[in-house]
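Q: Task: produce atomic coordinates for the following.
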Amino acid sequence: MKCLILAAGYATRLYPLTENFPKPLLKIGEKSILDWLVDDLVENTDIDEFIVVSNHKMIHHFEDWKLNKHKSRNYEITVIDDGTTTNETRLGAVKDIQLAIDTLSLSDDLLVMAGDNVLDFSLSDFVRFSENKGTSCVMCHEENDLKKRQKTAIITVDDNGLITSFEEKPQIPKGNLAVPPFYCYKAHDIRKIQEALDNECGYDAPGSFAAWLSTHTPMYAYVMPGRRYDIGDIESYENVKRKFVSTEGMI
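A: Model (predicted):
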């Protein structure tokens, strides 16, 4: 399995912090957001390559990050430039996934995730959950705030966790299970991304492909065992930093 990290956004709500610096490399405690995610997976899974999709404006920061990672690492890091320089010209998350797949001719199962979320649990059980199910899977958590449900992906599931509906930003949500940007895709499913785009799959929100895929093949949902902290603005960033004032606060 390989891990594809979406890091090509412009994080305009965090300006001026992210005007010339990528959000995934902001520090939480002693490490960057991206380091927390990658280090957990290195220690607890058999993922052998991390692929970071960056925009052109920020790519040198990710190249520096790659060079500064531990020299004796036993995994690969690949950084891909999606060629965009402004928020207005961004490709969108689904097209960034497609770019990485096409550029590297990927034929592996993929853990796809946004590079700007902080978790207080390990992703390893999610990876094992997908392996045990033998299908593509998403993570989910309860969200009972209607306004928040209207701004995210919402699913419904049956008693076995099989996804029965999947909507991006529904105005009238069918349920209360929100899907954060963490997806395990089987290799044969990820190859359907062009078919999805040809059939009016949305390309901006990262969950759009998962929503389309769930109507074409069985997919299961893994209930998060802890909390995910979405760093959307400066206030939320400062709150997370206070919450994790030391490395003991993380995974």
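
Q: in the stretch 51-200 of the chain, which spans are strands?
A: Secondary structure of the stretch 51-200 of the chain (DSSP state E, counting those that start in this stretch): strands located at 76-81, 110-114, 117-119, 137-142, 153-157, 163-168, 177-179, 182-185.

Q: Single out the most deeply packed of those.
A: strand 182-185 (a mean of 27; mean count of other CB atoms under 10 Å). Yep, even glycine has a C-beta here, placed from its N, CA and C like the rest.

Q: As CSV, the strands of the stretch 51-200 of the chain with mean pLDDT and distance to K31 would be great.
A: Shown next, in CSV, are the strands of the stretch 51-200 of the chain (pLDDT from 0 to 100; distance: least, CB to CB, whole Å):
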stretch, mean pLDDT, distance to K31
strand 76-81, 96, 15
strand 110-114, 96, 17
strand 117-119, 91, 10
strand 137-142, 96, 22
strand 153-157, 95, 28
strand 163-168, 94, 31
strand 177-179, 96, 26
strand 182-185, 98, 19
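
Q: and these as CSV, adding distance to A221?
A: Listed next are the strands of the stretch 51-200 of the chain as CSV, based on distance: least, CB to CB, whole Å:
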stretch, distance to A221
strand 76-81, 29
strand 110-114, 15
strand 117-119, 17
strand 137-142, 4
strand 153-157, 5
strand 163-168, 6
strand 177-179, 7
strand 182-185, 11
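
Q: Low-confidence stretches in the stretch 51-200 of the chain?
A: Within the stretch 51-200 of the chain, the set of residues satisfying pLDDT under 70 comprises 70-72.

Q: Now do the same contact list for F182.
A: Contact partners of F182, counting by CB atoms under 8 Å, 6 or more residues apart in numbering, are L111, V112, M113, A114, N117, L123, F126, V138, M139.

Q: Quick check: closest non-adjacent residue to the third one.
A: Spatial nearest neighbour of M113, chain neighbours left out: F182 (4.6 Å); criterion: CB to CB, 6 or more residues apart in numbering.

Q: And for the first one?
A: Closest residue in space to L111, ignoring its immediate chain neighbours: C3 at 4.6 Å, by CB to CB, 6+ apart.

Q: again with the fourth one
A: In space, not counting the residues next to it along the chain, A114 is nearest to P181; the distance is 3.8 Å by CB to CB, 6+ apart.

Q: so who does that neighbour touch?
A: Counting by CB under 8 Å, 6+ apart, P181 has contacts L6, A93, V112, M113, A114, N117, P206, G207.

Q: Apply 6 Å and report the result again.
A: P181 makes contact with M113, A114, P206, according to CB atoms under 6 Å, 6 or more residues apart in numbering.

Q: Give me the contacts around stretch 73-89.
A: Taking CB under 6 Å, 6+ apart as the rule, stretch 73-89 contacts 8, 10, 12, 48-53, 55-57, 59, 62-63, 66, 90-91, 96, 99-100, 103.

Q: Since that was my last question, I'll sign off now.
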